[in-house]
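Participant: Pasting the sequence and the predicted coordinates here, then a few questions.
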4 protein chains.
Amino acid sequence: MTVKVAINGYGTIGKRVADAVSRQDDMEVMGVTKTRPTYEAKMAIGKGFDLYCAVTDNIPKFKEAGIEIKGNLIDLLKISDVVVDCTPGKMGAANLDLYKKMGVKSIFQGGEKHEMIGRSFNALSNYTENIGVDHTRVVSCNTTGLARTLYPVSTEIGIEKVYATMIRRGPDPNNSKKGPVNAIVPVLKVPSHHGPDLKTVIEGIDIDTMAVAVPTTLMHLHTIVAKLSRPSTTEEVTSIWERTPRVTFVSGGEGITSTAQIMEMARDLIRDRSDMNEIVVWKDGIHVVDDHLYYYQAIHQESDVVPENVDCIRAMFSLTEDNMASIEKTNKALGIN
Amino acid sequence: MTVKVAINGYGTIGKRVADAVSRQDDMEVMGVTKTRPTYEAKMAIGKGFDLYCAVTDNIPKFKEAGIEIKGNLIDLLKISDVVVDCTPGKMGAANLDLYKKMGVKSIFQGGEKHEMIGRSFNALSNYTENIGVDHTRVVSCNTTGLARTLYPVSTEIGIEKVYATMIRRGPDPNNSKKGPVNAIVPVLKVPSHHGPDLKTVIEGIDIDTMAVAVPTTLMHLHTIVAKLSRPSTTEEVTSIWERTPRVTFVSGGEGITSTAQIMEMARDLIRDRSDMNEIVVWKDGIHVVDDHLYYYQAIHQESDVVPENVDCIRAMFSLTEDNMASIEKTNKALGIN
Amino acid sequence: MTVKVAINGYGTIGKRVADAVSRQDDMEVMGVTKTRPTYEAKMAIGKGFDLYCAVTDNIPKFKEAGIEIKGNLIDLLKISDVVVDCTPGKMGAANLDLYKKMGVKSIFQGGEKHEMIGRSFNALSNYTENIGVDHTRVVSCNTTGLARTLYPVSTEIGIEKVYATMIRRGPDPNNSKKGPVNAIVPVLKVPSHHGPDLKTVIEGIDIDTMAVAVPTTLMHLHTIVAKLSRPSTTEEVTSIWERTPRVTFVSGGEGITSTAQIMEMARDLIRDRSDMNEIVVWKDGIHVVDDHLYYYQAIHQESDVVPENVDCIRAMFSLTEDNMASIEKTNKALGIN
Amino acid sequence: MTVKVAINGYGTIGKRVADAVSRQDDMEVMGVTKTRPTYEAKMAIGKGFDLYCAVTDNIPKFKEAGIEIKGNLIDLLKISDVVVDCTPGKMGAANLDLYKKMGVKSIFQGGEKHEMIGRSFNALSNYTENIGVDHTRVVSCNTTGLARTLYPVSTEIGIEKVYATMIRRGPDPNNSKKGPVNAIVPVLKVPSHHGPDLKTVIEGIDIDTMAVAVPTTLMHLHTIVAKLSRPSTTEEVTSIWERTPRVTFVSGGEGITSTAQIMEMARDLIRDRSDMNEIVVWKDGIHVVDDHLYYYQAIHQESDVVPENVDCIRAMFSLTEDNMASIEKTNKALGIN
C-alpha cells in the first residue's frame, strides 16, 4: 500500500514533512497547500509538488502571479488518505471537523491542544497506542525532545521526578519581525505547558518545567535534572542514549561549545536544509551524582518532529510491525544515522 | 570614624562602588586606579576622584593624554584603611600579598576564588562572620542573587534542596567584542560554580546549578526550584520576600514581561546609571505547589553587589551594630527602597 | 508667562518630555495621559504628575488598579495652553482636529506626516519659521540628527548633495516582542523617508537616504557622505561642530568604539534615564577629502528630540528672542553641555 | 590535465573550496590540513579527504584522538600543483615563501593584502590578467560582491563614482565567542579597506566605502549609490544584472524582506551547507533616478568566493578559453543557476 498524503500548510514544518514523505517508498505526497502566492509557493512547484490553495478566494492571486493551482483544500483531501495539518496553531479545531467530514485521517502538530484530539504521538514512547487510529497529534519539538531522552531512562532505570528549564529560541530563523532583541523573557505560568504535554506521550511521568525565550533563532536548549528511582552512573545513562535512535552526542571538548556549532555540524553533514533531526546531547555535559541525572540537550525546533510525522503515518496505517521498524526505515530514508 | 577607602580598578564594578562609597557618611574614597588613559580615566577625574595609576610604567601615557595622576597603587594604599579590589578576575592572589604587606584590609569580588581568602560575604546571610576581619570577598552577582532570596526562605521555612538554572547575559552592555551573537552556550561543568559558591555564604545549603550564556547584555535570569522542608503556599513565600531587603517584585500582568522592561523601570526610577541594585522577582511567577517552590528572578550583574561592598566595609570596621542597620543605612544613601 | 503643557501619551517620548518640561522655569506640566493602568501609569503618579485617561471607557480599570485619574483628555486640554502629542504614530490626524476644536496649540512627533500639519520644527535650522505658530511637528530622531550636523555645514561651507545610510536599531530597549533577532532588514523604498523629511526643516537640501534595520536596541547610526560646495578640511568641519550645540564628539582612540560604549558613557554622566540628547559624532571618523566629507554619527532615538520639544514650545509662545537663547536655556536645565 | 589541489586550512572557506573542487572534472583534492584534532578534522576524513597536519608537533594529538594523518604540510605540497591557502588572515606572507620554495602555485584569500602578492582575482572582472600566473589572491567576500554588480554596469553604462556602506555581520554563524551582542560598531578608518580593494580587480574605479559591524551572523548587506556616466533607467540596470552570472534577484514583494529570508531560501534550494554563492540583489530595491543608481545587495560571506577559487585555478592553469567558459562550468558543477 502507498499511503496518499496531503500536506495542509507549506511552511516551516509542512515543507519539511513534504520532502520527508517524498523520500519514503510506502507513501507519496498528493499535494501541498499555500494561502498566498509567496516565493515559497513557487518553490513548492519548483520541487514538483502539486499546489492547492487553502483559501479559495485567493486562487486568482496565484494565477496573477503565474503560479499554477490544482484546486482548493477540499479537492486535495478528496484524493488523499491522510492529511498532515501544518497550519499555524489554533486553526486545528476547525480543520478537524472538515477532515472528519471528508473521511480522511489527520495528523496535527504540537501547536494544537491534546484535548482537541484526545491523542498524541511520539515514535519512541507510544507508537503502539496510535496504531490504526484516525486522528492524532505529533507533540511539539520540545516535548519530542524530552520524550526521546527521558523515555528510555524511565524504562531502564526509572524516574521519580524531572525538573527542566527550556531556554527557547525567540523566532525561527526566517522570521525577522519577532524578538526579543536584547532580553530574556520568562514564561510566568509554572509549570510551563511542556511538562503536562510530556504526560500525553509518557504516562505518569512526574515533570515540572519552567521556560524562557532568548534572542537566538537556531535551537532550543534544555537544562534537565532527573531524580532517578535508584543510583546510577554517568556511564549507564550515556550507554542508554547511545542505543537510543534520534539522540546524538556532541562534545564540548571537540569544539562543539554552543548551539551555533551544532548547526554548523548539521551544515557540514550536508543534510537537507542543514537540519538536525536528532536531539543533541552534550556527552561531556551528562553528570550522574548518586540518584540525580543532570544533562543539557539541544532541540532543532524546525526539524526534530519531521521524522515523527512520517512514523505517525505508518502507525495510523499499520505499515510496519512496530515502532523500531518504522524509525529505522524513516531514518535510513532521511540520512539520520 | 571615617573609613578611608581605595578602589583598585575603576571598571564596571569599581566605578559604581566608588560612587556608592561617596554617598555614605562613614567612609570616603581616597582614590581610584586605572591602568590606561581611556575616557573612563577622564570621567573619574571629572567626578572629582583622585586618580592613581596601577601600572607605574604607564604614568607617562596619562600625562601625554593630559590626565593628572596622583601616584601609583602603593601611594594610594599608603593613605587608605581598606582597598576594594575591582580588578579583572584572577589577579587577586597577587594583589592580596601586596595588601597584606601594606597593612590594608581588602575586599575582593566574586571573580576571585573563595579558597584564596578563606572567607566570603553576603550582607543578609553572613554579615556577622565578617565583623572585624581583614580580608574577605563579596560573592558574585549570581551568588548574591541566590543568597538574597534563598536565605530568608531557608531560615523561615527550611530548604531541602535547590535546583537552579542560571541564564546568563553574554557580555556586559559596554562590551561590543564578546558574543554570543546567535547561540546558546551551555556551561558543561555540572554543577556550575554558582552552587558551590552559595555554600560559602549559606552554610550547608544543598544546591545544584546549571548555566547557559545567551545573546543579551542586560541581566541574568534564574529559574529556581526549591524543595522546601515542609509544605508552604505562594502567599507565605511572597510575604517573606516582601519583608526582605534588596528583593523587589515586578509583575508580568502590569507589563514587565522581560529583563528589558525591568531595566526600563530602573531608568524610569532615575537611578544612577539606570542600575537595579535589588534582586527582581516576578510576583506572578512565584508558584508553591505543596513543598515545591518555583520562581524566576533577574539579576543586574553590574550593580547588585555594589551595596554589598559598602556593607562589607562596615562589617570589617564594625561600623554598625548588625547587618540590618548597615543594609538600611546603605539603602537609604543609594535610594534603594 | 508660564506655559501650561499637556502631554498626550506617556510612553518613550512622552515621559521624557514631561520630565524635561518640569525642569524649565517658563513652562509646567498640567498632566499626562495613559490609556491603560500599567506600571508606567503608576510611575507617572509617583513622579507627581496628574494622570488623565485618554480612553474614557478605561477609567474604571485604573480605579480597579488603585490608580487615581483626574479626568479624560478633554479635561486636560481645557486647562492647557499647548499639548505635546506623543501618541503612537498615525493617530495624529484625528487628534489634530480635536486640538483645534479645543483651541489648544499642539506639537506632533516625527511619526506623523509633515503634510498633515504643513509645518515642521528643528531648533537649529528653522526655529524662526515656527515662532507664534499654533500647530507644528518636531521631526523624527533621525531627521533631527541629520539637521544638527548638516545644517551648520550647509551654512558655513555649502552642501551640493548628501548620501546617507541609516542603520537603525530594531526595537526600542523596552520592547521585547519586536525583532529582528539575527537579520539585516533593508528599507526597499529609495530614498527612504528620512531624506525628504530633512527638507521640511532645511529648505532646498539635496539628500538621498537608504536605510536598514539591525538587531540592536540602543541607537541608530548614520554613515554620511556630503559633497561640499567647495574643498574643505577635516579641521574646518570639526571646528564647525565644536561650535554646534547638541553635537558632541567621542573618540574610538579613547575607547568609544561602538554605540554600546556611547550609551555606557551616558550612564557614567548620570543623565536621567542614561539618555544621550546630543548627536554623537566620532571625531576620528570625520574625514574630508577635497570636497567630500565622510562621517559617522550615532542617534539616541529615545531622547534626541526631547530638548527640541521644549524649544518648540518656546518658539510657539515667543518665549525667547531667538533659537540660540532657547537652546542654551533648555540645555542648561537638562544638563546638556 | 587534472590539476592536483591542496587545501591549506580546513575552516569556513577551506572546507567549502574542498567540496567545490571535488565536484569539478578537471581538478582534484589531494588533501586538506588542520592544526588541531577537532570534530572538523574528523568530518574531513568522513568525507574522504586525506588529512595533513599543518603543525608537525601536533601530529601525536591527532593520533591520540584516533584521527589518521597522512603527513605534514610539506608532504601535501610535494604532491600538489597548486595550494589554496585558507589559513586565518595574516599568515599568508610566511606561507608564500614556503609555496615558492616548494614550487607550487598558490591562491590566497581576501584576508591577505594585495601588496603581498601584487595580484588579485575576480572571475568576472579580471580573469584574463590571471591566466598562467603562479601566485594570486581571490578578493574578499565583500569585494567580490562589489565586483560582480559594479563591473558589468561600469562596462555597459559607465560609472563616475561609487559610495557604498558595508553593513557587516559580526561573527560567522559558527563563532559563538565574538560579538557585538547589542551594538553597532563603525569602522572609523575612511574609506574602509573595501574600496581600495575593489581597485585591485577593477582598474580605475572610483569608490569610497564606509563600514559598520552589527549583531548578526548570516550575511553582509551593502547599500550602494553609483553615479553613472550617463542617465539610465531601473529597467536597463536590472536587465544588465539579469545577464550577469552569480548575481541573483529576490523580491521584498514576494516575502524576502531580510537576509534571514534569503538564507531560508538557500536552505529551501537544498544547496550544500545551505550556502548562497550568488550576490543577492533586491529587485524592488533597485532605483535609478537620472544618473544615480541606488541598490541593496546581500553577500553570503561564507560562500560567495568559493566558485571564484575554482575559476582562479582554471585561470592559473589555462584550463578554459575564457572566464565565461569557466564560470559556466563551475556554476553547473555547483548547482548555481
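Facilitator: Perfect, thanks for sending it.
Participant: who in the stretch 51-200 of chain A is up against chain C?
Facilitator: Taking CB under 8 Å from any CB of the partner chain as the contact definition, the stretch 51-200 of chain A meets chain C at A:170-171, A:173, A:175-183, A:185. Heads up, the C-betas are built off the backbone N, CA and C, glycines and all.
Participant: JSON lines for the residues you listed, including pLDDT and secondary structure?
Facilitator: Shown next, in JSON lines, are those (pLDDT from 0 to 100; DSSP: H, G, I helix; E, B strand; the rest coil):
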{"residue": "A:170", "pLDDT": "97", "secondary structure": "coil"}
{"residue": "A:171", "pLDDT": "96", "secondary structure": "coil"}
{"residue": "A:173", "pLDDT": "95", "secondary structure": "coil"}
{"residue": "A:175", "pLDDT": "92", "secondary structure": "coil"}
{"residue": "A:176", "pLDDT": "90", "secondary structure": "coil"}
{"residue": "A:177", "pLDDT": "93", "secondary structure": "coil"}
{"residue": "A:178", "pLDDT": "95", "secondary structure": "strand"}
{"residue": "A:179", "pLDDT": "95", "secondary structure": "coil"}
{"residue": "A:180", "pLDDT": "97", "secondary structure": "coil"}
{"residue": "A:181", "pLDDT": "96", "secondary structure": "coil"}
{"residue": "A:182", "pLDDT": "97", "secondary structure": "coil"}
{"residue": "A:183", "pLDDT": "97", "secondary structure": "coil"}
{"residue": "A:185", "pLDDT": "96", "secondary structure": "strand"}
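Participant: Can I get the lengthiest strand in chain A in PDB, CA atoms only?
Facilitator: Longest strand in chain A, counting residues (DSSP state E): strand A:159-169. The C-alpha atoms that make up strand A:159-169 are tabulated as PDB, following Å, rounded to 0.1, in the frame of the first residue of the first chain:
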ATOM      1  CA  ILE A 159      12.500   8.300  37.000                       C
ATOM      2  CA  GLU A 160      10.900   9.800  40.200                       C
ATOM      3  CA  LYS A 161      10.800  13.400  39.200                       C
ATOM      4  CA  VAL A 162      12.100  15.700  36.400                       C
ATOM      5  CA  TYR A 163      12.900  19.400  36.700                       C
ATOM      6  CA  ALA A 164      13.600  21.100  33.400                       C
ATOM      7  CA  THR A 165      14.200  24.600  32.100                       C
ATOM      8  CA  MET A 166      13.500  25.200  28.500                       C
ATOM      9  CA  ILE A 167      15.600  28.000  27.100                       C
ATOM     10  CA  ARG A 168      13.700  28.700  23.900                       C
ATOM     11  CA  ARG A 169      14.900  30.400  20.700                       C
END
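Participant: Could you check how far residue A:114 is from chain B?
Facilitator: 21 Å (CB to the nearest CB, to the nearest Å).
Participant: what are the phi and psi angles of residue A:81?
Facilitator: Main-chain dihedrals, residue A:81, degrees, to the nearest 10: phi -90, psi -30.
Participant: How about the secondary structure of the nearest residue to it once chain neighbours are set aside?
Facilitator: Taking CB to CB, 6 or more residues apart in numbering or on different chains, and ignoring the residues beside it in sequence, residue A:81 has residue A:4 as its nearest neighbour in space, at 4.6 Å. Look at residue A:4: counting by DSSP: H, G, I helix; E, B strand; the rest coil, its state is strand.
Participant: show me the contacts for residue A:4.
Facilitator: A:27-28, A:30, A:79-82 (CB atoms under 8 Å, 6 or more residues apart in numbering or on different chains).
Participant: now do 6 Å
Facilitator: Shown in contact with residue A:4 (CB atoms under 6 Å, 6 or more residues apart in numbering or on different chains): A:30, A:80-81.
Participant: can you redo the residues of the stretch 51-200 of chain A next to chain C as TSV with neighbour count?
Facilitator: Below are these laid out as TSV (neighbours: other CB atoms under 10 Å in any protein chain shown):
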residue	neighbour count
A:170	23
A:171	21
A:173	25
A:175	20
A:176	24
A:177	16
A:178	16
A:179	25
A:180	30
A:181	31
A:182	31
A:183	34
A:185	23
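Participant: of these, list those near chain D.
Facilitator: With CB under 6 Å from any CB of the partner chain as the criterion, those include A:173, A:176, A:182 near chain D.
Participant: you'd agree the last one is up against residue B:215?
Facilitator: No. Distance between residue A:182 and residue B:215: 7.9 Å, which falls outside the contact criterion (CB atoms under 6 Å).
Participant: looking at chain A, which residue ends up farthest from its center?
Facilitator: Centroid-distance maximum for chain A: residue A:64 at 34.7 Å, with CA atoms, centre = their mean.
Participant: What separation do you get for the residue of the stretch 101-250 of chain A found nearest chain B and residue C:215?
Facilitator: Going by CB to the nearest CB, chain B is nearest to residue A:183 of the stretch 101-250 of chain A, at 3.6 Å. Distance of residue A:183 to residue C:215, computed by CB to CB, to the nearest Å: 12 Å.
Participant: can you check residue A:115 too?
Facilitator: 37 Å.
Participant: again with residue A:93
Facilitator: In this view, residue A:93 and residue C:215 are 36 Å apart by CB to CB.
Participant: Of those two, which one has the most company?
Facilitator: residue C:215 (31 against 12; other CB atoms under 10 Å in any protein chain shown).
Participant: show me the contacts for that one.
Facilitator: For residue C:215, the contact set (CB under 6 Å, 6+ apart) comprises A:181, C:170, C:180-181, D:215-216.
Participant: thinking again about what came up before, pull up the pairing partners for the longest strand of chain A, direction included.
Facilitator: Using DSSP bridges, the strands paired with strand A:159-169 in its sheet are strand A:207-214 (parallel), strand A:220-228 (antiparallel).
Participant: Redo those strands as CSV? Include mean neighbour count, mean pLDDT and distance to residue D:195.
Facilitator: Formatted as CSV, those follow (neighbours: other CB atoms under 10 Å in any protein chain shown; pLDDT from 0 to 100; distance: least, CB to CB, whole Å):
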stretch, mean neighbour count, mean pLDDT, distance to residue D:195
strand A:207-214, 24, 97, 38
strand A:220-228, 25, 98, 41
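Participant: Around chain D, which positions in the stretch 1-150 of chain A sit nearby?
Facilitator: Taking CB under 6 Å from any CB, the part of the stretch 1-150 of chain A that reaches chain D is made up of A:38-39, A:43.
Participant: Beta-bridge partners for residue A:247, please?
Facilitator: residue A:279.
Participant: for residue A:52, same thing?
Facilitator: For residue A:52, the beta-bridge partners are residue A:33, residue A:71 (DSSP bridges).
Participant: Show me what the longest helix belonging to chain A is packed against.
Facilitator: Counting residues, the longest helix found in chain A (DSSP state H) is helix A:141-156. On a contact count with 3 or more CB pairs under 6 Å, 6 or more residues apart in numbering or on different chains; DSSP states H and E, helix A:141-156 meets helix A:123-126, helix A:194-198, strand A:292-299.
Participant: Note down every partner strand of the last one and its orientation.
Facilitator: Its sheet considered, strand A:292-299 pairs with strand A:220-228 (antiparallel), strand A:279-282 (antiparallel), strand A:287-289 (antiparallel) by DSSP bridges.
Participant: Serialize those strands to JSON lines and add fields for distance to residue B:337.
Facilitator: Below are the strands paired with strand A:292-299 laid out as JSON lines (distance: least, CB to CB, whole Å):
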{"stretch": "strand A:220-228", "distance to residue B:337": "33"}
{"stretch": "strand A:279-282", "distance to residue B:337": "42"}
{"stretch": "strand A:287-289", "distance to residue B:337": "41"}
